[in-house]
Every structure is written in C-alpha cells, then in structure tokens.
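Trainee: please find the sequence and the predicted model below.
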Amino acid sequence: MGSILENFTSGIIPMEAYIFVSFIMFFSGIYGFLSRKSLLMVLISIELILNSADINFAVFNRYLYPEHFEGFFFAMFTIAISACETAVAIAIVINIYRNLNNVEVDSLDELKEPEASDEK
Amino acid sequence: MQYTLLILLLPLLSFVVLGLMDTKWKARVAGSVGTLVLSVVAALSYYTAWAYFSTANVGGIYQKIVPLQTVWMQFSGQLHIDLGILLDPISVMMLVVISTVSLMVHIYSLAYMKGEKGFERYYAFLSLFTFSMLGLVVATNIFQMYIFWELVGVSSYLLIGFYYTKPEAVAASKKAFIVTRFADLGFLIGILILSFYTQTFDFGVLNSGNAGIFASASGVTFMGASVLSWAMALIFIGGAGKSAMFPLHIWLPDAMEGPTPVSALIHAATMVVAGVYLVARLFPVYVTYTPDVLHGIAYVGAFTSLFAAVIACTQTDIKRVLAFSTISQIGYMMVGLGVSGYGGHEGTGYMASMFHLFTHAMFKALLFLGAGSVIHAVHSNEMQKMGGLRKYMPVTHLVFLIGCLAIAGIFPLSGFFSKDEILAATYMYSTGLGIGMSFIAGLTAFYMFRLYFNIFWGKENSYEHSPHESPLAMTIPLVVLAFFSFFGGLIPFGKFVTSDGAAYTGETNYVLAIVSVLIGITGILLAAAMYRKKTMLPDRVSQSLGFIYQLARNKFYVDELYLFITKNVFFKGMASPVSWYDRHVVNGSVNGLAVVTQWVSVKIKGIQTGKVQQYAWVFLLGTLLMAFLILFL
C-alpha cells in the first residue's frame, strides 16, 4: 500500500488505479445489464463491459509489456467489433419495436412454450 | 467341358427373367420360356453325360474332372471358399436325373397348372430350384454344396407354399423349412469341425485317400468318439433332414400341400435324395475313417424305411402314401450306402444305392405325376373319392401300373434291378438286416398296390362329372417317365457308377432275385385280395390290428410328440422366458428411461422462464462460483 501511495504522490498513475476504474465500469455494466428494463439501456451496459475490457487490454500492455503492441491492437479490434455488434443490436431492437411496440426486456419471452399447455 | 457352366447359368437366367417379368408376360409365354430353357439344359446334361462317360475313363477308372474352379471369397491364405464344377460319375448321373425329371415336370405343369394364379411365379421358382439342385450336385467343395443346399431348401419352401392363401400350405412350408434348417445346423457344425481339422473344404482333397489330413481329427476324441466321427455324424444329420430320415421326416408328408408336379420334382426325385447324395459324395471318408457312422446310417435308414412303409399302408391321401413311400425308399438308399464297403464287390451297396436313386427318381416322379393326373381328374386327394378310374383314364392307368410294378420290384422293371442289388449288399452285410429289408420290399408292394387298386379298381364311384383322361402335355411326360421306369433297370449301372470309379459287374444272385420277386408278388396279391373289389376285408383287418393300426394311421404320433416338445419345452421353457425378458427387461429399461426423462423435464421446465435477465443472473452467479472455486480451492 505504501508503494501505491508513493507512486500516487510522485505523479505517476499506478496500474491499479486504471484497473480499479475498469473494475467499476465492468460491474456497473453487469448491474445495468441485469437491472435495466429498456433494451437500449441493456445495450449501453454491454458497451460499458466491453470498454472496461478495452481499458484492461491497454493497461496491461502499457505497464507489463511496453515493448509490445498486441494489447493495443486487440483493444482496437474490440472497438470495431463492438461497433458492429451495436449496429446489429440496434437493428434487432428496431424490429422488436415494430413487432411489440415497446423495447422492454421482459416482453421478450415469445419463444417460450406457453404456460397453458403445461398440463396434458 | 466348360460349357457345363451353361447348365447352371441357364436356369438361373430363366429364374431372373421370369421373376422380373412376373405377370408382364402372358402365362403361356412364361411357361414356354421356362420349358424351352429346361430342354436346352437337359440336352446339355445328356451331352455332358455322353462326353464324360466316353472320355473320362482312364485306365478303367473314371476320373474326376473339374472344368471350372474359381476362388469366390478369400478370407485368408488358408480359408477361402471356391465355386466350381465337379464332374464325376455320380454328379453326371444326377445331372441327367435332375434335368430329365425337371423337364418332364416343366412340360407337365404347362397343363396341370394352367389357369392357376401365379403361373409365372411357379415357373420362376421351378427354374430357381433346378438351378440350385444342379449347383448342389456339381459342387466341388462342401461349402459350395452347403450354399446350394440352402438354396434348394428355400426354393422348396417357396414351392410348398405356392398356394400361399391356403393356411395348410403356409404351415407346411414353414414346417419344411424349419425342420430342414434345424438339421442343416448340424450340417454346418459338421462342416466347420471337419474343415477345421482337415484344413480344406475341397471334395477332391477329402476323398483323395490321403490319411494325413484326417490324422488330427481322428486323434482328438470327444465324449468317447473321435472328432472326425462327430463331424461326419453331424454332416449326416444335415443329410437326414433333407432326406427325411426318422426322426426328421415329419416335414415331407406335409410338403404334399404344394402343387403335385412340385412334389414329383422336389419331394420325390431330386431334393430329398440330396442327403443320399451327400453321403455318397463323402463316401470314401465315411467308409475309410468312420465306418461306425456309416453303419449307424444303415440302421437309421432301415428303421426309417420300415417305419414309413408301415405308415404308408394306412394313409388315405394318395399323395401322402407316395410321400411315405418316398421316405421308405430313401431309407433303402441309405441302407445301401450304409452296408457298402469300398471298391469292387464290397462296393455293391454304393453302386446299388446310386442305381436305386436313379430308378426311384424315374418311377417315383412317374407315380407322383400319375397321381397328379388322377387328382386333376377327380379334384381330390382322398382315396375314398376315387375308384374304377381305369376305364376313364387308360393312359394314366397304364403308366401308374408300370410305376407300381417298378417300385414293387417286379422283373424286369427298373425297380427290380436296383432293389435287388441293395438287398444283395444288405445280405452280404448282415442276414438279419437283409430279412428286414426284404420284408419292407413286401410292404412296399402291398401299399403301392393298395393305392393302385383303390384308385383304378375297387368300387365304382359316382362322379359329379365323369373323369376324363388328362391332356397330352400331361400324358407325354408320363409316358416318357414310364419308359425310363420300365427299361431303366437294363442300364449296366455298375459300368458307370461305382464307389472307386472302376467298372464292376455285379453277379446276379438268382435265389435272392426270385425270392424278392415272390415277396413282391405276395404283396401285390394281398393288396389285390383286399382292395380289388369293395369288400369288408380291409376294415376287418384294421379292426383286428386295432391299436397298431391306430398308431400307424396317426403316423405313430411323431408329429404330436414334436408339437408337445416344441410347445412345452421350447415355447414354455425357452421362448416365453426370453419373450418375457424382452418385453419387460429390454423394453422396460428403454421405456423407463423415456418415462424418467419426461417426468424430470416436466418438473424442471419452470426454470425456463424466457426472461433473458434471469438467465444472465444465473450465468453471473455461475461464473462467480467458478471463479471462487478456482481462486480459493
């Protein structure tokens, strides 16, 4: 703990600080994913989770293997992929809205076997 | 002599074509094609016989010729199954017998089966049978013989069950197939044992007289007999099944449910003598290495012969009388083989047996076809419905009389010569057995003339429409066969077919011959006294015999015994427990699995809510749990 404070006061941002931020972002995302009712909010939560992973990539690369660049590239890949994923997801959401007239997560249980046919 | 392959291939081709065309061809076309093919086959067979007997005699001994031999299935260097054609005196003789009788039956059936539903199918099956039977006799090795052995079994099954809408015919065909198949199990095991120890299937090697190959089999003993004896006895069981030896004879009388020409071809002349042929084929092995088995065969044959002859005296269905007569005569052939030694004078029995096979094929086919002609006219198999037919059917009457005289062994018809040789061989072996066989000869004469008098003499029946002579297509084969039955005995058979291939002329034992003829005439006179005119005599005789008559009338209850055993031992003792196991344990475990799965799925399907976020929760908790486990355990 002493070294962290020392680094902190010396003006160098320690690695743990970045990880702490990404940790908060990740679990905010998880929380959002589990608790939000709107599909758009769920989507934003997923972006949070992905971005926290991106931060981790960048940080680990910068601090542990400064002479390599794989982490940075991977982060860029992830950004590209999350952009695609968002595009697809938005398209799905639009379609859901057209069909159900809302974008509530809870209303997406159409594929489940109806309760009525449970008993034979 | 590679053209002999055609003898096999033509009937096969005919079967395939007729079978594929089925009803697309008119019945007449199908019948003509089948008959035409068979005439070519018969001509080829005669030519083969002529060529063989005129060229194959080297130094006074008929050589075995193998014009074709090919490896069919190669399993390993040692184990391979060959197909080929073997020509030697007995196979050539059988070629002639089979193609002659088959041709006669083909021609005869043109009229007899006219208008029957499935006429084309009938001819296809006849071709299949002819092919299989010819393949059986020319087999070069015991496995090829077994293959064709099963093929004749299946064609016999198909033809017995030809009237498949008749429950009796279906039952009879099943019975014939199962009984012979059961016997063939013995045959197969015998083949396997024999070939395991001798390392060969080939008849040429087995019969070569090379003692070395049997050394290992003779050395090993099992339950007091050498393995070789067991193998040969098991092979004989296969032969006993096909040849209807006691106690495997039960299928043959029932097989009479098939069309009558089929009975003449398969169940009188050719297939049922396959067992005799099998023993004759392996005769050098039997006589040299397992004489005990051979003697056993003689006694089985003698007992069967007597047994069947007694039953034949009491049956009223004319085809069944002939069936039991066939069993009895095959018993005769088995005795001939069983009492025979090897070579020269010792080998009389072998020659006589083959001779009897030849003559029996002719006169029994004649009798069956004659009976068919009678049935065709009267529309019944029962003796009671017949009588006095000699005026209506002169040709049938005459040829039937020739057949009866031939089988009764009256000089100079064919049966006299062959039967006399068998009797001579039997007396040479044992006087007791000889006397028994003479007695059976008397019985044979008696029951055949009982049949004859009941059909053609006896009471005048009032027929609904007066019986008429059969058409030419039926009478011509009858006359041809009658010709062979009459003069067949004059062939100097010992010149062609002997146990060692060397020509041999049997000296006629005049005392024996005269006694046999007298016995035959006694039987005939007895039958004439009882059945020529309608009298009370037969009833009185049967009543005085009482119990024995009832036994014989009911075929000594062998069928009932079989039924009892199968029902109580096989069905109750083995089939029902197995069926119970199948139904409850095998089906039960599978059904149980399904029931449990269904129950569980009903119980847990509430977990599937369809709410994505609930799933995510579960996923998250699971991940945390895994992380926890990995980190702290």
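Mentor: Sure, I can see it.
Trainee: tell me which residues of the longest helix that chain A contains come out buried.
Mentor: In chain A, taking DSSP state H as the definition, the longest helix is helix A:70-100. Neighbour counts using 16 or more other CB atoms under 10 Å in any protein chain shown place A:71, A:74, A:75, A:78, A:82, A:89, A:93, A:96 of helix A:70-100 among the buried residues. C-beta: built from backbone N, CA, C; applies to glycine.
Trainee: what pLDDT is listed against the first one?
Mentor: The score at residue A:71 is 89. That number is its pLDDT.
Trainee: that one contacts residue A:55, correct?
Mentor: No. Taking CB atoms under 8 Å as the definition, residue A:71 is not a contact partner of residue A:55, at 10.4 Å.
Trainee: mind listing what the closest residue to residue B:392 other than its chain neighbours touches?
Mentor: Leaving aside its sequence neighbours, residue B:392 sits nearest to residue B:467 (CB to CB, 6 or more residues apart in numbering or on different chains; 4.3 Å). Counting by CB atoms under 8 Å, 6 or more residues apart in numbering or on different chains, residue B:467 makes contact with B:377, B:378, B:389, B:392, B:393.
Trainee: wait, a helix at residue B:467?
Mentor: No. Under DSSP: H, G, I helix; E, B strand; the rest coil, residue B:467 falls outside any helix and is assigned coil.
Trainee: okay, it: pLDDT?
Mentor: For residue B:467, the model assigns a pLDDT of 76.
Trainee: tabulate the buried residues of helix A:70-100 (TSV), appending distance to residue B:385.
Mentor: Formatted as TSV, the buried residues of helix A:70-100 follow (distance: CB to CB, whole Å):
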residue	distance to residue B:385
A:71	107
A:74	103
A:75	106
A:78	101
A:82	100
A:89	94
A:93	94
A:96	90
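Trainee: determine which two of those residues are furthest apart.
Mentor: Across the buried residues of helix A:70-100, the longest distance by CB to CB is 35.8 Å; it joins A:71 and A:96.
Trainee: just give the number of residues close to residue B:215.
Mentor: Neighbours of residue B:215 under the rule other CB atoms under 10 Å in any protein chain shown: 12.
Trainee: could you point out which element follows the host helix or strand of it?
Mentor: Assigned by DSSP states H and E, residue B:215 belongs to helix B:212-219. Using DSSP H and E, the next helix or strand after helix B:212-219 towards the C-terminus is strand B:221-222.
Trainee: pairing partners for that following strand, with directions?
Mentor: Strand pairing for strand B:221-222, using DSSP bridges, gives strand B:225-226 (antiparallel).
Trainee: quick check: mean pLDDT of the partner strand?
Mentor: Per-residue scores along strand B:225-226 average to 80.
Trainee: state the next helix or strand along the chain beyond it.
Mentor: Remark: after strand B:225-226, the chain's next helix or strand is helix B:227-242, criterion DSSP H and E.
Trainee: how about that next one as PDB, C-alpha atoms only?
Mentor: Extracted as PDB, the C-alpha positions of helix B:227-242 are listed here (Å, rounded to 0.1, in the frame of the first residue of the first chain):
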ATOM      1  CA  VAL B 227     -13.900 -85.700 -33.600                       C
ATOM      2  CA  LEU B 228     -14.000 -87.000 -37.100                       C
ATOM      3  CA  SER B 229     -16.800 -89.300 -36.300                       C
ATOM      4  CA  TRP B 230     -18.700 -86.500 -34.700                       C
ATOM      5  CA  ALA B 231     -18.200 -84.300 -37.800                       C
ATOM      6  CA  MET B 232     -19.300 -87.000 -40.200                       C
ATOM      7  CA  ALA B 233     -22.300 -87.800 -38.000                       C
ATOM      8  CA  LEU B 234     -23.300 -84.100 -37.900                       C
ATOM      9  CA  ILE B 235     -23.000 -83.900 -41.600                       C
ATOM     10  CA  PHE B 236     -25.200 -86.900 -41.900                       C
ATOM     11  CA  ILE B 237     -27.800 -85.100 -39.700                       C
ATOM     12  CA  GLY B 238     -28.000 -82.400 -42.400                       C
ATOM     13  CA  GLY B 239     -28.500 -85.100 -45.000                       C
ATOM     14  CA  ALA B 240     -31.100 -86.800 -42.800                       C
ATOM     15  CA  GLY B 241     -33.000 -83.600 -42.500                       C
ATOM     16  CA  LYS B 242     -33.200 -83.100 -46.300                       C
END
